[in-house]
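1. I would like the atomic coordinates for the input below:
(one chain, ligands or ions: 3)
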Amino acid sequence: MKAIYLIGFMGTGKTTISHALGEHLNVPVTDCDEAIVQYAGKSIPRIFEEEGEQGFRDIEQQTLRQLHAENHIVATGGGVVLREENRAHMKKNGIIIWLEASTEEILKRLDSDKTRPLLTGGDMAERIQTLFDARKELYEGTAHMRIDTTGKAKDEIVHEILSHLDEYDV
Ligand SMILES: Nc1ncnc2c1ncn2[C@@H]1O[C@H](COP(=O)(O)OP(=O)(O)O)[C@@H](O)[C@H]1O
Ligand SMILES: O=C(O)C1=C[C@@H](OP(=O)(O)O)[C@@H](O)[C@H](O)C1
Ligand SMILES: [Mg+2]
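-> Residues are numbered from 1 along each chain as shown. Ligands and ions are numbered 1, 2, ... in the order given. Below you'll find the predicted structure:
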């Protein structure tokens, strides 16, 4: 099996769904953000604070490149599509699934979240909208499969992904 990469905005469920999908397919799962935290030895907010967003993106790019590119599910961070090198790496190595959710749903899911530095401070709905508008075309242009998760339970999303997987050369 090739790698399966989950991409999409913060709060669309990449981390959550990657683990559920891994269980169903009996394939190992890596969350890129977790690998980054391990490698850097500090939390994501701390990396942003001390090294800035570009410092984080450098580590993210390096980490993505080092992850297994076969027989593996990778939950990426929402900004992975910002770098062309990352988009090319994922396209070369696997199937890319874009998880979507409405702004209202993302707000609900991340209401009290303090772990996503790009969403803290200011009006969260506005931040989500601005960032999403800037990234939408990148998600669209990178993904092979697109799944709307709004109002859907984890199992439903996993089954929807599984039902489409055989359309691809995984
Ligand atoms: N389908 C869903 N329905 C409701 N809540 C969800 C769903 N998927 C994820 N969540 C919740 O939303 C939050 C963000 O999910 P997460 O998997 O961390 O998203 P991402 O990795 O895309 O940022 C978590 O609290 C998670 O439990
Ligand atoms: O969208 C982004 O730029 C980011 C998304 C986060 O991951 P999730 O998408 O899993 O929340 C994490 O990588 C970091 O806070 C930056
Ligand atoms: Mg995540």
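2. residues contacting Ile157?
-> The neighbours of Ile157, taking CB atoms under 8 Å, 6 or more residues apart in numbering as the test, are Gly13, Ile17, Ala20, Leu99, Ile147, Thr149. Any C-beta I mention is one placed from the backbone N, CA and C, and that applies to glycine too.
3. what's the helix or strand for it?
-> In the assignment (DSSP states H and E), Ile157 maps to helix 154-165.
4. so, in contact with ligand 1 or not, that helix?
-> Yes. With CB under 6 Å from any ligand atom as the measure, helix 154-165 is seen reaching ligand 1 through Lys154, Ile157.
5. buried set for that helix?
-> Ile157, Val158, Ile161, Leu165 (16 or more other CB atoms under 10 Å).
6. so for the particular helix or strand that has Glu137 in it, mean pLDDT?
-> According to DSSP H and E, Glu137 maps onto helix 124-142. Throughout helix 124-142, pLDDT has a mean value of 97.
7. what is the next helix or strand after it packed up against?
-> Scanning forward in sequence from helix 124-142 by DSSP H and E, the next helix or strand is strand 145-148. The contact analysis (3 or more CB pairs under 8 Å, 6 or more residues apart in numbering; DSSP states H and E) places strand 145-148 against strand 94-100, helix 154-165.
8. which of the ones you listed sits closest to ligand 2?
-> Between ligand 2 and the helices and strands packed on strand 145-148, the tightest spacing by CB to the nearest ligand atom is seen for strand 94-100, at 9.5 Å.
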